[in-house]
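Asks: Take this sequence and fold it.
(chains A, B, C and D)
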2 protein chains.
Amino acid sequence: MDIHMRDIARQEFLFSMSKRSDAWLKLVQAVGQIEVAVGKAMQEKHRLGLSEYRALQVLARSPDSELRMQELAAYLGLNQSSISRLVERLERAELTVRDLCPDDKRGVYTVLTETGRARLQGAQADYGKALDSAIKRYGCEDLLSAKLVASP
Amino acid sequence: MDIHMRDIARQEFLFSMSKRSDAWLKLVQAVGQIEVAVGKAMQEKHRLGLSEYRALQVLARSPDSELRMQELAAYLGLNQSSISRLVERLERAELTVRDLCPDDKRGVYTVLTETGRARLQGAQADYGKALDSAIKRYGCEDLLSAKLVASP
DNA sequence: CTCATATGTATGTCCATGCAACAATCCCGT
DNA sequence: ACGGGATTGTTGCATGGACATACATATGAG
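Replies: Numbering: from 1, shown residues only, chains lettered A, B, ... in the order given. Take a look at the predicted model:
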């Protein structure tokens, strides 16, 4: 009997869980597909990957249009090593340049070039439009109003 | 003058756009980090990647616990080739077996094995808990109630 | 029946990312 | 001043996913 009850409880737990995880899966997929859609648009219209575009954007807003690797990593939610390579790509495209940190010789600044700023400005409107239309297409507008908490 | 007005309009457009895209970025990052957290939990507790776990789950719910590659791809929102390799991994772990489709010889069924079903059942509760706690940790609960639309 | 085209899966290759290990530098306690 | 732990960025390697392609089978037009 005891065991039986626990069994029922377990069933219900798993059931409610599965509804939750189904909803989560749908959300994840919708977000993912929107990202892909926007990413493709940016790639073909401006030769910029999503992370690259966002890096430029973050840099443009920063004082002196420069950031250290770690800071960039934090803003973009990426690994240090990913940033290192992302910056490498940006640099190869001449959108940024590396600049040594005078006071901390370990540090490296990534600085937006004028070319980079121009590329960003050329892309901004399209990014907005692509994002907007993809979000609408998936009916995700409500998601944007959610207030989220920082990382743990 | 005309140009000046357009300039202002453009500024405002970009500004409202940037608020929107900031919110989107936060959302994407929150979702991503939750996925990573749950994925790591599943990996270390059950030796199952996120896609693998989900594949098992989808299979378990399907009639005869089997699906064709394409169907699985559709459920998981993955590429056909990704599915091919995902199933390869599942098969190596003996969680599924391939079974030729009798009526369409191009088709291949992926069938859940008993081992696979057992692994899934052992993992389900932990998946639920990990997802739950990660969602709470990021204060994303509201996101789950969003009603989303299918793919375009 | 035969050929052209469509469909289903597998495979080669590429790419972005993560992790672990490393080197250079910083900083703090002694 | 110094020595050891912390921080910062880079690099080798592994992984998962995407795209293009190859191949087998199916289907339909003639």
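Asks: From now on I want contacts and neighbour counts done on CA atoms only, so please keep to that.
Replies: Will do.
Asks: Show me where chain A has its helices.
Replies: For chain A, applying DSSP state H gives helices covering A:2-46, A:50-61, A:69-76, A:80-92, A:114-137.
Asks: Quick check: which of these is buried the most?
Replies: Each of these was scored by mean neighbour count; the highest is helix A:50-61, a mean of 20, by mean count of other CA atoms under 10 Å in any protein chain shown.
Asks: counting contacts, what elements does that one pack onto?
Replies: Under the contact definition 3 or more CA pairs under 8 Å, 6 or more residues apart in numbering or on different chains; DSSP states H and E, helix A:50-61 sits against helix A:2-46, strand A:66-68, helix A:69-76, helix A:80-92, strand A:108-112, helix A:114-137.
Asks: Not counting its own residues, what contacts that helix?
Replies: A:38-39, A:42-43, A:65-67, A:72, A:75-76, A:86, A:90, A:111-112, A:116-117, A:120 (CA atoms under 8 Å, 6 or more residues apart in numbering or on different chains).
Asks: How confident is the prediction for the nearest residue to residue A:128 once chain neighbours are set aside, by pLDDT?
Replies: Nearest residue to residue A:128, sequence neighbours excluded (CA to CA, 6 or more residues apart in numbering or on different chains): residue B:17, at 5.8 Å. What the model reports for residue B:17 is a pLDDT of 71.
Asks: now do residue A:152
Replies: 46.
Asks: And residue A:63, by the same measure?
Replies: In this model, residue A:63 carries a pLDDT of 95.
Asks: Residue A:72: what's it in contact with?
Replies: A:55, A:58-59, A:83.
Asks: just for chain A, where's the confidence low?
Replies: Low-confidence segments of chain A (pLDDT under 70): A:1-17, A:147-152.
Asks: quick one on the thing from earlier: now distance to DNA strand C too, for the contacts of residue A:72, in CSV please.
Replies: Putting these into CSV (distance: CA to the nearest atom of the strand, whole Å) gives the following:
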residue, distance to DNA strand C
A:55, 10
A:58, 15
A:59, 16
A:83, 7
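Asks: got the helices and strands packed on helix A:50-61 as a markdown table, with distance to residue B:140 columns?
Replies: Shown next, in a markdown table, are the helices and strands packed on helix A:50-61 (distance: least, CA to CA, whole Å):
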| stretch | distance to residue B:140 |
| --- | --- |
| helix A:2-46 | 10 |
| strand A:66-68 | 29 |
| helix A:69-76 | 19 |
| helix A:80-92 | 26 |
| strand A:108-112 | 33 |
| helix A:114-137 | 18 |
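Asks: nearest to residue B:32, of those?
Replies: helix A:2-46 (8.3 Å; CA to CA).
Asks: From residue A:46, how far out is the residue positioned nearest the centre of chain A?
Replies: Nearest to the mean C-alpha position of chain A, by CA atoms, centre = their mean, lies residue A:76 at 5.7 Å. Residue A:76 sits at a distance of 20 Å from residue A:46 (criterion: CA to CA, to the nearest Å).
Asks: nearest spatial neighbour of residue A:48, skipping sequence neighbours?
Replies: With CA to CA, 6+ apart, the residue lying closest to residue A:48 is residue A:42, at 5.6 Å.
Asks: you'd agree that neighbour is up against residue A:36?
Replies: No: when contacts are counted by CA atoms under 8 Å, residue A:42 is not listed as touching residue A:36 (9.8 Å).
Asks: which residues touch the closest residue to residue A:114 other than its chain neighbours?
Replies: Closest residue to residue A:114 apart from its sequence neighbours, by CA to CA, 6+ apart: residue A:95 at 7.5 Å. Shown here is residue A:95, whose contacts under the criterion CA under 8 Å, 6+ apart are A:112-117, A:119.
Asks: and the gap between the closest residue to residue A:34 other than its chain neighbours and DNA strand D?
Replies: Spatial nearest neighbour of residue A:34, excluding adjacent residues (CA to CA, 6+ apart): residue A:134 at 5.6 Å. The gap separating residue A:134 from DNA strand D is 16 Å, by CA to the nearest atom of the strand, to the nearest Å.
Asks: Ramachandran angles for residue A:93?
Replies: Reported as degrees, to the nearest 10, the phi and psi values for residue A:93 are phi -80, psi 0.
Asks: ok, now how distant is it from DNA strand C?
Replies: Distance from residue A:93 to DNA strand C, by CA to the nearest atom of the strand: 12 Å.
Asks: quick one, what contacts that residue?
Replies: So residue A:93 contacts nothing (CA under 8 Å, 6+ apart).
Asks: circling back to that earlier point, relative to chain B, which of the contacts of residue A:72 is nearest.
Replies: Ranked by distance to chain B (CA to the nearest CA), the contacts of residue A:72 are led by residue A:58 at 10.2 Å.
Asks: which parts of chain A sit against DNA strand D?
Replies: Counting by CA under 7 Å from any atom of the strand, chain A comes close to DNA strand D at A:68-71, A:80-85, A:106-109.
Asks: Done for today, thanks.
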